[in-house]
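> Provide a 3D model corresponding to the input given below.
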Amino acid sequence: MNEEEKNETIGILEKETKKWLARLESETKDGIKARNDSEKVRNSIANIEAYIEDSKHFMDQEDLVRAFEAIVYAWGIYETLLRLELLKKG
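Numbers count the residues shown, from 1 in each chain. Take a look at the predicted model:
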């Protein structure tokens, strides 16, 4: 990979991470609300919130791979809980 390709990849990674982070923060701006009070759901919500914070931290550190990984994990947990109807959307 030459320097130009590397810079392009970094730009895409940063853009995508920011996009998905902003989207998840928008989806959860009023908090993540569970449909029930099970420990598993509470722990999953805590993981979503932790991964969001991790993503921000890694962005600040310019560790774009880990920032992207963290937001993808957060999205995966969030969407899974929504599909299982364990969260209230909005």
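> please report the distance of residue 66 from residue 26.
Distance of residue 66 to residue 26, given as Cβ to Cβ, to the nearest Å: 22 Å. For every residue, glycine as well, the C-beta is placed using N, CA and C.
> so for the two, which sits in the more crowded spot?
Using other Cβ atoms under 10 Å as the criterion, residue 66 and residue 26 rank with residue 66 on top: 15 against 8.
> my guess is the more buried one meets residue 59, correct?
No - using Cβ atoms under 8 Å, residue 66 makes no contact with residue 59, being 9.2 Å away.
> which residue, neighbours along the chain excluded, lies closest to the most centrally placed residue in the chain?
Nearest to the mean C-alpha position of the chain, counting by Cα atoms, centre = their mean, stands residue 71 at 2.6 Å. Closest residue in space to residue 71, ignoring its immediate chain neighbours: residue 55 at 4.2 Å, by Cβ to Cβ, 6 or more residues apart in numbering.
> next, that neighbour: secondary structure please.
helix (DSSP: H, G, I helix; E, B strand; the rest coil).
> from residue 88, how far out is it?
Separation of residue 55 from residue 88 (Cβ to Cβ): 23 Å.
> shaky segments in this structure?
90 (pLDDT under 70).
> following the top helix by length along it, which helix or strand comes up?
Longest helix of the chain, by residue count under DSSP state H: helix 3-27. Next in sequence after helix 3-27, counting helices and strands by DSSP states H and E, comes strand 33-34.
> hmm, back to that, contacts for the longest helix of the chain, please.
Outside helix 3-27, the residues within contact range by Cβ atoms under 8 Å, 6 or more residues apart in numbering are 1, 52, 55-56, 59, 64-65, 67-68, 71-72, 74-75, 78, 89-90.
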